[in-house]
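> Need a 3D model of the following:
(2 chains)
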Amino acid sequence: MSEVVSPPQGKGRSFPFPPKRRRGRAAATLSGSETILLLIPALIPIVVLSLLPLVRGIYLGFTDAHAGFKVTTHWAGLANFHRLIHDSFFVNSFKIGFIWAFSVTIVQFALALGLALLLNTNLRGRWVARSLALVPWAMPPVVVGIMWKIFYAPQAGLLNEALRRGHLPGQNIDWLSDFKWALPAVILVGVWAGMPQTTVALLAGLQGIAGEMHEAAAVDGATTWRRFIHITLPQLRPVILAITSIDFIWNFNSFGLVYVLTEGGPGTKTQLPMLFAYNSAFKYGEFGYASALGDAMVVVIAVVLSVYMFGRLKEAVQ
Amino acid sequence: MITSRHPNRVKAAQYLALLGYMIFLAVPLVWLLSSSFKSSRELVELHPSLIPQHPTIANYTAALHQADIVHAGLNSLKVAVITALLTTLVGLPAAYVLARTRGIISKLGLGYILVSQMFPLILIIIPLFLVLRDLHLTNTHSGLILVYLVWSLPFILWMLQSYIRNIPRDLEEAAAVDGARRIQIVIRIIAPLLAPGVVVTLLFAFISAWNEFFFALVLVQSPGLVTLPVKLAQFVGIEGVIRLGPLAAASLLATIPSLLFFSVMQRWLTSGLLSGAVKG
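All right, here's what the predicted structure looks like:
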């Protein structure tokens, strides 16, 4: 926080009294045993309840693990993955996962960039927009789901009433139960819910761009649009790369929002990979199969991200 | 946007765009708020209005008189408070190491924080469920708190270590030169400077536990033990359509803690949080 004064430049290398300093440094530096002692309280829970379970979870994908007490688990090799490929529900859930994750990430990015650019100007009343932009972040995902469910409700919902008053088509659609409209409706909620993080990251990136660059370019006669393309976007590149990657991971792994909105329905029209995995594991008790699904999700995310990163990096080099 | 050929037209377009964003962000919220103040009769009317015709707080009293919702709220409060205290306490020593050492430890720590984000929760929840079952901790608050502790620790560590980094090392060294022992340095010098950061971290840990849904859904099933988000989600499934008003009111009440937190933290969130990370 800003009250804490940052250390003077030079980090003490130009300190005028070197001998005295060395004594201080020695006393304030951590010894090896102290380091370990300080790390242990955090390290034990992380290893026992995060690292080891994660390794075991990856391993379970190669077994026939089931729910229930005293069930022995056997190595099953690639049997689960073989079954996955031939499971039309799995293929469907990954297809929906892709449509969802890509649409939400891209639309969210475009909207958040626009909002961040507006918030970075000196428009009056932008503080209202800034506060509003943070609200979705402050809401529990379950409440976001409930709120949009009420918004989309066929009779009592605002959307259909607005369409009715405007004499527009679609006024009788039950958005979240409609085979054609459920996925787009859910995607809109995903965009709304994830706007704040993306906007805040992009805004921070924009504020890091030196104003002199824009002024110099303006003096040279560059239009707003040209300045955006040649100064703002290149300067923002690392932030854009980071936030879109993180958004994609979050969206592909998303669960709570869609669970509350549709539970994957109608049929399996909004069944994201995580919902499918949750059902396999905790409705049908197929722990091994669900873990294999998790493994497949990790592979997919890793492949998508490396293709994306590689492409962007090549672009940056050129 | 310093110079342009049509400054007024550009300004107008910008205001229009900003207004569009505000409507998009606010409309579902306004509707939730409005629904929570409508009477049960008005909620089933054919042409609902944006502003309640006969505003009533009946939905709020109904929600607060529903024992299971209040009970779930208290469960959430208990779990979130203990999680926040425990996570911060466990995180502080390690955060100090991450902040004050450069090299393999902090690189490994930061690397794990990032990589662990990539894994879907399903991979971690099944083994966790098995471990907690062996320890007889499924369907208990202790089990849930343990999971929240580990689950929020990476981000808490990252927050705390950035606050500690902001405390000049020279202060500690100067005190050491003057003969202060480490415990004295920690209590007299680090603790007061770190206090604001610790408060923010505590609140953040509280909010993440208060809002969490997936782990709570899987790990705790007994009606008497479920947390507020799970209770609200059940409410939607069973009687949400019938009792829309109390549901809206309860949802808004559940949002109050995090809304308070975010309004206090607003400036900090839009300026400080990511600027360091982004420039780093």
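> Sketch out the helices for chain B, chain order is fine.
Secondary structure of chain B, counting by DSSP state H: helices at B:7-36, B:40-43, B:58-65, B:67-100, B:104-116, B:121-134, B:141-165, B:169-177, B:182-184, B:191-211, B:214-219, B:228-239, B:244-279.
> Serialize those helices to a markdown table and add fields for mean neighbour count, distance to A:F90 and mean pLDDT.
No exception for glycine: its C-beta is placed from N, CA and C like everyone else's. Below are those laid out as a markdown table (neighbours: other C-beta atoms under 10 Å in any protein chain shown; distance: least, C-beta to C-beta, whole Å; pLDDT from 0 to 100):
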| stretch | mean neighbour count | distance to A:F90 | mean pLDDT |
| --- | --- | --- | --- |
| helix B:7-36 | 16 | 33 | 91 |
| helix B:40-43 | 16 | 40 | 82 |
| helix B:58-65 | 17 | 40 | 90 |
| helix B:67-100 | 20 | 34 | 92 |
| helix B:104-116 | 14 | 25 | 76 |
| helix B:121-134 | 22 | 13 | 91 |
| helix B:141-165 | 22 | 27 | 89 |
| helix B:169-177 | 19 | 53 | 83 |
| helix B:182-184 | 12 | 56 | 80 |
| helix B:191-211 | 19 | 30 | 88 |
| helix B:214-219 | 23 | 20 | 94 |
| helix B:228-239 | 20 | 25 | 83 |
| helix B:244-279 | 19 | 33 | 72 |
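> To A:H82, which of these lies closest?
With C-beta to C-beta as the measure, helix B:121-134 is the member of the helices of chain B nearest A:H82 (19.3 Å).
> check whether that closest one contacts chain A.
Yes - Helix B:121-134 comes into contact with chain A (C-beta under 8 Å from any C-beta of the partner chain), by way of B:L121, B:I122, B:L123, B:I124, B:I125, B:I126, B:P127, B:L128, B:L130, B:V131, B:R133.
> what's the angle from that helix to helix B:141-165?
Orientation of helix B:121-134 against helix B:141-165 (axes from the mean of the first three to the mean of the last three C-alpha atoms, to 10 degrees) gives an angle of 120 degrees.
> Let me see the domain layout of chain A.
Domain assignment for chain A, taken from automatic domain parsing, gives A:19-60, A:87-317.
> hey, which of these is tucked in deepest?
Among the domains of chain A, domain A:87-317 has the highest mean neighbour count (mean count of other C-beta atoms under 10 Å in any protein chain shown), at a mean of 19.
> Next, the distance between the ends of that one.
End-to-end distance for domain A:87-317: 42 Å, by C-alpha to C-alpha, to the nearest Å.
> now it, how far from the chain's geometric center?
8 Å (C-alpha atoms, centre = their mean, to the nearest Å).
> One more: stretch B:25-42?
24 Å.
> quick one: it near chain A?
Yes - for stretch B:25-42, a contact with chain A is found by C-beta under 8 Å from any C-beta, at B:L25, B:A26, B:V27, B:P28, B:L29, B:W31, B:L32, B:S35.
> List just the nearest of those residues to A:T105.
B:L25 (18.6 Å).
> I'd like to check which residues are in contact with the closest residue to the closest one other than its chain neighbours.
With sequence-adjacent residues excluded and distances taken as C-beta to C-beta, 6 or more residues apart in numbering or on different chains, B:L25 is closest to A:L132, at 4.4 Å. A:L132 makes contacts with B:Y21, B:M22, B:L25, B:A26, as judged by C-beta atoms under 8 Å, 6 or more residues apart in numbering or on different chains.
> Please, which helix or strand holds the closest residue to A:D178 other than its chain neighbours?
Nearest non-adjacent residue to A:D178, counting by C-beta to C-beta, 6+ apart: A:P266, 7.1 Å away. Using DSSP states H and E, A:P266 maps to neither a helix nor a strand.
> if I look at A:P266, how far off is B:A80?
Per C-beta to C-beta, to the nearest Å, A:P266 is found 35 Å from B:A80.
> could I have stretch B:24-36 exported to PDB, CA atoms only?
Provided in PDB are the C-alpha atoms of stretch B:24-36 (Å, rounded to 0.1, in the frame of the first residue of the first chain):
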ATOM      1  CA  PHE B  24     -25.100  -3.600 -19.300                       C
ATOM      2  CA  LEU B  25     -23.400  -3.800 -15.800                       C
ATOM      3  CA  ALA B  26     -26.300  -2.400 -13.800                       C
ATOM      4  CA  VAL B  27     -29.500  -3.800 -15.400                       C
ATOM      5  CA  PRO B  28     -29.400  -7.300 -14.000                       C
ATOM      6  CA  LEU B  29     -28.500  -5.900 -10.600                       C
ATOM      7  CA  VAL B  30     -31.300  -3.300 -10.600                       C
ATOM      8  CA  TRP B  31     -33.700  -6.100 -11.500                       C
ATOM      9  CA  LEU B  32     -32.500  -8.300  -8.600                       C
ATOM     10  CA  LEU B  33     -32.900  -5.300  -6.300                       C
ATOM     11  CA  SER B  34     -36.300  -4.500  -7.600                       C
ATOM     12  CA  SER B  35     -37.500  -8.100  -7.300                       C
ATOM     13  CA  SER B  36     -36.400  -8.300  -3.700                       C
END
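> Where in chain A is the helix or strand with the lowest mean pLDDT?
When the helices and strands of chain A are scored by mean pLDDT, DSSP states H and E, helix A:18-28 comes last with a mean of 48.
> next one: the next helix or strand after that helix to chain centre, how far?
Per DSSP H and E, the first helix or strand lying C-terminal to helix A:18-28 is helix A:32-46. In terms of C-alpha atoms, centre = their mean, the centre of helix A:32-46 is set 30 Å apart from its chain centre.
> In this structure A:Y259 contacts B:Q234, no?
No - counting by C-beta atoms under 8 Å, B:Q234 is not a contact partner of A:Y259; they are 11.6 Å apart.
> Which residues are in contact with A:V300?
Residues near A:V300 by C-beta under 8 Å, 6+ apart: A:F94, A:F252.
> ok, now how distant is it from A:F252?
Distance from A:V300 to A:F252, by C-beta to C-beta: 7 Å.
> contacting residues for the residue nearest to B:I156 when sequence neighbours are not counted?
Closest residue in space to B:I156, ignoring its immediate chain neighbours: B:G91 at 4.6 Å, by C-beta to C-beta, 6+ apart. Contacts for B:G91 (C-beta under 8 Å, 6+ apart) come out as A:A42, B:L153, B:I156, B:L157, B:L160, B:T201.
> With respect to B:L225, which of those is nearest?
In terms of C-beta to C-beta, no member of the contacts of B:G91 lies closer to B:L225 than B:L153, at 23.2 Å.
> how near is the closest one to B:Y112?
Per C-beta to C-beta, B:L153 is found 10 Å from B:Y112.
> before we move on, the earlier item: from A:W175, how far out is the residue nearest to A:D178?
11 Å.
> and for the two, which residues touch both?
A:A182.
> Give me the residue ranges of chain A where confidence is low.
Within chain A, the ranges that satisfy pLDDT under 70 run A:1-28, A:70, A:318.
> go with 80
For chain A, applying pLDDT under 80 flags the ranges A:1-31, A:68-72, A:155-156, A:210-215, A:218, A:222, A:224, A:312-318.
> ok, for B:Y163, nearest residue in space, not its chain neighbours?
B:G197 (3.1 Å).
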